[in-house]
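S.K.: Turn this into a structure:
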Amino acid sequence: MSTTTQRTRMVVSGTLLAAFLGAGATACGPDGNPLASTPYDAADQISFSASMDAGKKADPDKPLEVTSKGSGGRITDVAAVDGQGRQVTGELAADGSRWHSTSPMAAGAHYTLTVKTENDDGAPGRKVFAFETSKPKSQKLLKVTFGPDAGAYGVGQPLTAELDQPVKDKAQRAIVERGLQVTSTPAVEGSWYWVNDKQLHYRPRTYWPAHATVQVRSNLEDIRINDRLWGGAAKPLKITTGDRIVAVTDAAAHEMTVYRNDEKIKELPVTTGKPGFETRNGFKVVLAKQYYVQMKSSTVGIAAGSRDSYDLPVYYATRVTWSGEFVHAAPWSVGSQGVANVSHGCTGMSTANAKWFFDHIHEGDVVQVVNSNGDPMELFDNGYGDWNMPWEKWVQGSALRGGKTGASQDAPTRLLPQGH
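M.R.: As a prediction, this is how the structure comes out:
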């Protein structure tokens, strides 16, 4: 059978870009079903503005818009993808009359735009065409540096993104955050948190899976953030995780229990911070391991020669805060280990036990302290305290998922001295 239908005229605008696409009519398919028809080629219905014909490019500052004009047809789908595979998100009106972009286009990029239509008889129309966006006349590039360094880590290791310029506006933060893509194998739910105007942390709802591969990259290159700021190139990052190692120190029981993949593998008698120097409660992430550290009280404001001063060689030192909290060998306090808390904030154990711990713990593994009278672990300023924030509050620090930014902590914090 044959039918006569009205062709749908499409107008596509992106600053200087304008196109008319016909959703057109074709004869029905062999089975009489219009949905089985080959999409109508609307090439003869496409026209560009005079400025586009003159070789000018679309302005990435302006939204991309597709409009159906005339009766008898509607837009069913629109896809715009650049040469790097980045998609422009958009919204389609319920009646199919208009589609417009909701995310910015990249500057200086080559785009492929695919528009699908349908007429009143259900016959499909389709048109694919290409256009380029212009470079801004002047731009300042936002540099993003991911952390930690590439390598193998424990399951508690957060990802970080350091910006070289502050981003304060919520809408601009959403653009930045949307461009920072994290993938993991196996896949897990996770979210960015804006620590401040120049720093973001990313963590899953719970720890990373054991033996996972985690990758982060930026899709911000040539993306407009504001009138003067555009995304720059960024080096991607890949890390892997090992076994799930978690060490839990009960300060009241003076004992550390080490778990591998949720199985208890070791119990170690320890001593933690004495009154006035209590070890911080909460979750900490191993920052580094040092075979030898010369610990001096003067580096944290305790005067040499005073009652609490010290200057000691310390071995098998596993750092968990930047202010000087370690898990380390403390042969001078063996008599108190498992019995009393006598340190200046560190977790001390025998040399043999400290060596075992040093050999089995890794950067990124989790060390948790419970039942201490100390202050809670800081969230971000003294290492990685990310796991002390409930997930429901964490996602509020995302510009995409929550919108509340900036870290907060109810309890006051203080600097624990680097101590034995």
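S.K.: only C-alpha atoms for contact and neighbour calcs from this point on.
M.R.: Noted.
S.K.: can you give me the helices for the stretch 1-150 of the chain?
M.R.: If DSSP state H, counting those that start in this stretch is used as the criterion, the helices of the stretch 1-150 of the chain fall at 50-53.
S.K.: isn't residue 320 right up against residue 346?
M.R.: No. Counting by Cα atoms under 8 Å, residue 320 stays clear of residue 346, with 9.4 Å between them.
S.K.: With neighbour numbers in mind, choose between the two.
M.R.: Higher neighbour count among residue 320 and residue 346: residue 346, with 33 against 28, using other Cα atoms under 10 Å.
S.K.: mind checking pLDDT for the more buried one?
M.R.: pLDDT, residue 346: 95.
S.K.: With just CA atoms, put stretch 120-127 into PDB.
M.R.: Extracted as PDB, the C-alpha positions of stretch 120-127 are listed here (Å, rounded to 0.1, in the frame of the first residue of the first chain):
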ATOM      1  CA  ASP A 120       1.300  10.500  12.600                       C
ATOM      2  CA  ASP A 121       1.300   7.100  10.800                       C
ATOM      3  CA  GLY A 122       4.200   5.900  12.900                       C
ATOM      4  CA  ALA A 123       6.800   6.000  10.100                       C
ATOM      5  CA  PRO A 124      10.300   6.800  11.400                       C
ATOM      6  CA  GLY A 125      12.500   9.600  10.300                       C
ATOM      7  CA  ARG A 126      16.200   9.900  11.000                       C
ATOM      8  CA  LYS A 127      19.000  12.300  10.300                       C
END
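S.K.: Which positions in that stretch come out as buried?
M.R.: 121-127 (16 or more other Cα atoms under 10 Å).
S.K.: Also stretch 220-229?
M.R.: Neighbour-count burial for stretch 220-229, counted by 16+ other Cα under 10 Å, picks out 220-226, 229.
S.K.: Tabulate the buried residues of stretch 120-127 in CSV, adding columns for distance to residue 254.
M.R.: Formatted as CSV, these follow (distance: Cα to Cα, whole Å):
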residue, distance to residue 254
121, 78
122, 75
123, 76
124, 73
125, 73
126, 71
127, 71
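S.K.: ok, the residues you listed vs residue 60, which is closest?
M.R.: Comparing the buried residues of stretch 120-127 against residue 60 with Cα to Cα picks out residue 127 as the nearest, at 21.5 Å.
S.K.: before we move on, back to that, now for the buried residues of stretch 220-229, which pair is the farthest apart?
M.R.: 221 and 226 (13.5 Å).
S.K.: what's the nearest residue to residue 225 if we skip its chain neighbours?
M.R.: Beyond its immediate neighbours in the sequence, the residue positioned closest to residue 225 (Cα to Cα, 6 or more residues apart in numbering) is residue 172, lying 5.6 Å away.
S.K.: likewise residue 321?
M.R.: Nearest residue to residue 321 in three dimensions, chain neighbours excluded: residue 383, at 5.0 Å (Cα to Cα, 6+ apart).
S.K.: quick one: that neighbour and residue 322 touch, right?
M.R.: Yes. Between residue 383 and residue 322 there is a contact at 5.8 Å, judged by Cα under 8 Å.
S.K.: Beta-bridge partners for the spatially closest residue to residue 92 that is not a sequence neighbour, please?
M.R.: In this structure, residue 92 finds its nearest non-sequential neighbour in residue 99, 4.3 Å apart by Cα to Cα, 6+ apart. Residue 99 has these beta-bridge partners by DSSP bridges: residue 66, residue 92.
S.K.: If I look at residue 99, what pLDDT would I see?
M.R.: 85.
S.K.: Return the residues in contact with it.
M.R.: 65-67, 75, 78, 90-93 (Cα atoms under 8 Å, 6 or more residues apart in numbering).
S.K.: can you tell me how far it sits from residue 134?
M.R.: Applying Cα to Cα, to the nearest Å, the value for residue 99 to residue 134 is 22 Å.
S.K.: Residue 108 now?
M.R.: Taken as Cα to Cα, the span from residue 108 to residue 134 is 5 Å.
S.K.: Same check on residue 150?
M.R.: Per Cα to Cα, residue 150 is found 35 Å from residue 134.
S.K.: Who has more neighbours out of the two?
M.R.: Using other Cα under 10 Å as the criterion, residue 150 and residue 134 rank with residue 134 on top: 16 against 13.
S.K.: Show the contacting residues for that one.
M.R.: Neighbouring residues of residue 134 by Cα under 8 Å, 6+ apart: 56-60, 107-109.
S.K.: Residue 239 too?
M.R.: Residue 239 makes contact with 149-153, 213-215 under the criterion Cα under 8 Å, 6+ apart.
S.K.: mind listing which of those residues are in strands?
M.R.: When the contacts of residue 239 are checked against strands (DSSP state E), the matches are 151-153, 213-215.
S.K.: picking up where we left off before, what about the residue nearest to residue 321, which SS state?
M.R.: coil (DSSP: H, G, I helix; E, B strand; the rest coil).
S.K.: What is the burial count for it?
M.R.: Other residues close to residue 383 by other Cα under 10 Å number 18.
S.K.: cool, residue 93 as well?
M.R.: 13.
S.K.: Now it: closest residue in space, sequence neighbours ignored.
M.R.: residue 99 (6.3 Å).
S.K.: what about that neighbour, distance to residue 133?
M.R.: 19 Å.
S.K.: Residue 180 now?
M.R.: Distance check for residue 180 against residue 133: by Cα to Cα, it reads 22 Å.
S.K.: So what pairs up with residue 246 in the strands?
M.R.: Here residue 246, judged by DSSP bridges, has bridge partners residue 259, residue 366.
S.K.: For it, which residues are in contact?
M.R.: 258-260, 262, 365-368.
S.K.: at 10 Å instead, please
M.R.: By Cα atoms under 10 Å, 6 or more residues apart in numbering, the residues touching residue 246 are 154-156, 257-264, 283, 285, 361, 365-368.
S.K.: can you check residue 254 too?
M.R.: Neighbours of residue 254 in contact, by Cα under 10 Å, 6+ apart: 268-272, 336-341, 347-348, 371-372.
S.K.: and those residues, which of them are in strands?
M.R.: Counting by DSSP E, the contacts of residue 254 contribute 268-269, 347-348 to strands.
S.K.: Next, give me the two most distant ones among these.
M.R.: Longest span within the ones in strands among the contacts of residue 254, Cα to Cα: 268 and 347, 10.9 Å.
S.K.: what do the two both touch?
M.R.: 249, 254-256, 337, 354.
S.K.: From those, which land in strands?
M.R.: Filtering the shared contacts of residue 268 and residue 347 for strands - DSSP E - leaves 249, 255-256.
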